[in-house]
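Colleague: what shape does this take:
(chains A and B)
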Number of protein chains: 2
Amino acid sequence: MSSITIIGLGPGDVAMRTPQAVAALARATDLVGYGPYVARVAAPANVVRHISDNREELDRARHALTLAGSGRDVAVVSSGDAGVFAMASAVFEAIEHGEPAWATLDVSVVPGISAMMAVAARIGAPLGGDFCAISLSDNLKPWELVLRRLRTVAEAGFVIALYNPLSRARPWQLGAAFSALREILPGTIPIVFATAVSRPEERIVLTTLADADAGHADMRTLVLIGCAGTRLIARGDGMPWVYTARSVSEA
Amino acid sequence: MSSITIIGLGPGDVAMRTPQAVAALARATDLVGYGPYVARVAAPANVVRHISDNREELDRARHALTLAGSGRDVAVVSSGDAGVFAMASAVFEAIEHGEPAWATLDVSVVPGISAMMAVAARIGAPLGGDFCAISLSDNLKPWELVLRRLRTVAEAGFVIALYNPLSRARPWQLGAAFSALREILPGTIPIVFATAVSRPEERIVLTTLADADAGHADMRTLVLIGCAGTRLIARGDGMPWVYTARSVSEA
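Modeller: Below is the predicted model:
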């Protein structure tokens, strides 16, 4: 009793949810999270659901810790992986700066299939070389730092997975990111907009940096930016495969 | 019939293997992969196992495609995620440059829990901010490029997951990487050596960049390099939690 488990549900399809996550959910007396994620979990009627809005991670973490401190077994659920731009770091931040008793709780983290891995598998193997994951949100870091990091990794030849590319509160950042990248990378670099991967409303757009239109993204979209080694292979029907060659010849 | 599926088995513990991966394995007539990974898969006796050595990815991919072309349903298995320094990109590379008939096969990729996500969950939330994954192997890219990428992302404040940090063929690279990073990052930066995570022989060492000893790594080790925002939280017993704060104040 008195536990808190931060669980990655995977990208949506329960076939990508691990047995470890399913077992951890089955032990919970309380589910805590952003509404659409909590709604993905089937649970008996006596399990209490605590729904909160997006962008309230730290308050949600404190609420979950308070529940656990009162003797509940709390599952904090995130989409994708619990530790990738999700709730795990918010919970540890709340523990470090919160009630001393919270540091004595039984805390665990259960990983999940992160959006970038699900998207990559869906379209081929675009993460075949070195890659990085960047949140485009400037809620928690200055926009100038986001831009500097983007330019830096693009120049160094990394494939880039952009999380949180767009929301009502951040309508222009993705377009500005594409503009910055166009100064560094060729216009032919493949760009993938992958929205709601593995869910019924899945939508995937393959385009190039020259033609990339931020209008293809919403808050459920992961944007993948290829590198010089990212290649397309035609398929009989449908979208070409996208993969990144493992070898890089020039330093 | 005539299919090839590249499957991520996850880090070892079958509780972290997805139902999607289990279902894909159950459809295979042939298992192809590095011996220790194929050995992790339970399968009926009539399923044919094709074992190959490490560092033969392209030959293995061609062998798997030849089998699929002859009417078999082939599962190519990787540890962790199939698309992260694993077999998926090798298979697409073989398709692009191989027999035209290979492009007409039924190809799919099944993601898995990558080592960096499993390690992160095990120790806290070290990937809480922007992060990148770099293979330290210089089989497929010049060592100078590896060093340049490491310096670049360390300067830009990314957490770094190092795959393939060490092998008999690459005994000195990890030590050289630490030396390069010590010129950029404070000696207090947390470093984690995580070997065989989720398996019985799991071993985790938490240290600092100043004290990091490449001798803690072998070919089953993932090395995590923190950033300025990576923090430790003491626990009653055992290793402290390691997490990276979500906020970065300075550009």
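
Colleague: pretty sure residue A:232 sits in a strand.
Modeller: Yes. Under DSSP: H, G, I helix; E, B strand; the rest coil, residue A:232 sits within a strand.

Colleague: residues contacting it?
Modeller: Residues counted as contacts of residue A:232 (CB atoms under 8 Å, 6 or more residues apart in numbering or on different chains) are A:190, A:206, A:240-242. C-beta here means a position set from N, CA and C on the backbone, and glycine is covered the same way.

Colleague: dig out what it forms beta bridges with.
Modeller: Counting by DSSP bridges, residue A:232 forms beta bridges with residue A:242.

Colleague: list the contacts for residue A:156?
Modeller: B:148-149, B:152-153.

Colleague: low pLDDT regions in the stretch 1-150 of chain A?
Modeller: Across the stretch 1-150 of chain A, the ranges flagged by pLDDT under 70 are A:1, A:55.

Colleague: so which elements touch whatever helix or strand residue A:120 lives in?
Modeller: Using DSSP states H and E, residue A:120 sits in helix A:115-123. When contacts are defined as 3 or more CB pairs under 8 Å, 6 or more residues apart in numbering or on different chains; DSSP states H and E, helix A:115-123 sits against strand A:159-163, strand A:190-195, strand A:203-208, strand A:221-225, strand B:106-110.

Colleague: between the ones you listed, which one is nearest to residue B:117?
Modeller: Closest approach to residue B:117 among those (CB to CB): strand A:159-163, 13.1 Å.

Colleague: close to chain B, is the closest one?
Modeller: No. Using CB under 8 Å from any CB of the partner chain, strand A:159-163 stays clear of chain B, coming no nearer than 9.1 Å.

Colleague: C-alpha coordinates for that strand, PDB please?
Modeller: Output of strand A:159-163 as PDB, limited to C-alpha atoms (Å, rounded to 0.1, in the frame of the first residue of the first chain):
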ATOM      1  CA  VAL A 159      17.600  12.600 -37.100                       C
ATOM      2  CA  ILE A 160      15.200  14.700 -34.900                       C
ATOM      3  CA  ALA A 161      12.000  13.600 -33.300                       C
ATOM      4  CA  LEU A 162       9.900  16.700 -32.300                       C
ATOM      5  CA  TYR A 163       7.500  16.200 -29.500                       C
END
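
Colleague: and the angle from that strand to strand A:190-195?
Modeller: Calculated by axes from the mean of the first three to the mean of the last three CA atoms, to 10 degrees, strand A:159-163 forms an angle of 30 degrees with strand A:190-195.

Colleague: sheet partners, orientation included, of strand A:159-163?
Modeller: Strand A:159-163 sits in its sheet next to strand A:131-135 (parallel), strand A:221-225 (antiparallel), going by DSSP bridges.

Colleague: nearest to residue B:246, of those strands?
Modeller: Counting by CB to CB, residue B:246 lies closest to strand A:131-135 out of the strands paired with strand A:159-163; the figure is 8.6 Å.

Colleague: can I get that closest one as PDB, trimmed to CA atoms?
Modeller: Once non-C-alpha atoms are left out, strand A:131-135 reads as follows in PDB (Å, rounded to 0.1, in the frame of the first residue of the first chain):
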ATOM      1  CA  PHE A 131      19.000  10.700 -33.300                       C
ATOM      2  CA  CYS A 132      17.500  13.000 -30.700                       C
ATOM      3  CA  ALA A 133      14.200  13.900 -29.100                       C
ATOM      4  CA  ILE A 134      13.300  17.600 -28.600                       C
ATOM      5  CA  SER A 135      10.200  19.100 -27.100                       C
END
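
Colleague: how many degrees apart are that strand and helix A:115-123 in direction?
Modeller: Orientation of strand A:131-135 against helix A:115-123 (the same axes, to 10 degrees) gives an angle of 120 degrees.

Colleague: what's the first helix or strand after strand A:131-135?
Modeller: The element immediately downstream of strand A:131-135 (helix or strand, assigned by DSSP H and E) is helix A:143-155.

Colleague: name the residues that touch that next one?
Modeller: Against helix A:143-155 from outside (CB under 8 Å, 6+ apart): A:132, A:134-136, A:138, A:160, A:173, A:176-177, A:180-181, A:183-185, A:225, A:227, B:130, B:132, B:152-153, B:155-158, B:248, B:250-251.

Colleague: of those residues, select the buried ones using a PyMOL command.
Modeller: A single PyMOL command selects the buried members of these (16 or more other CB atoms under 10 Å in any protein chain shown):
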select buried, (chain A and resi 132+134+135+136+138+160+173+177+180+181+185+225+227) or (chain B and resi 130+132+152+153+156+157+158+248)
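
Colleague: where along the stretch 1-150 of chain A do the helices fall?
Modeller: Assigned by DSSP state H, counting those that start in this stretch, the helices in the stretch 1-150 of chain A fall at A:19-26, A:35-38, A:57-69, A:87-97, A:115-123, A:143-155.

Colleague: closest one to residue A:91 among the helices and strands packed on helix A:115-123?
Modeller: Taking the helices and strands packed on helix A:115-123 one by one with CB to CB, strand A:159-163 is closest: 18.3 Å.

Colleague: what packs against the following helix or strand past the closest one?
Modeller: Using DSSP H and E, the next helix or strand after strand A:159-163 towards the C-terminus is helix A:173-182. If you count contacts as 3+ CB pairs under 8 Å, 6+ apart, helix A:173-182 packs onto helix A:143-155.
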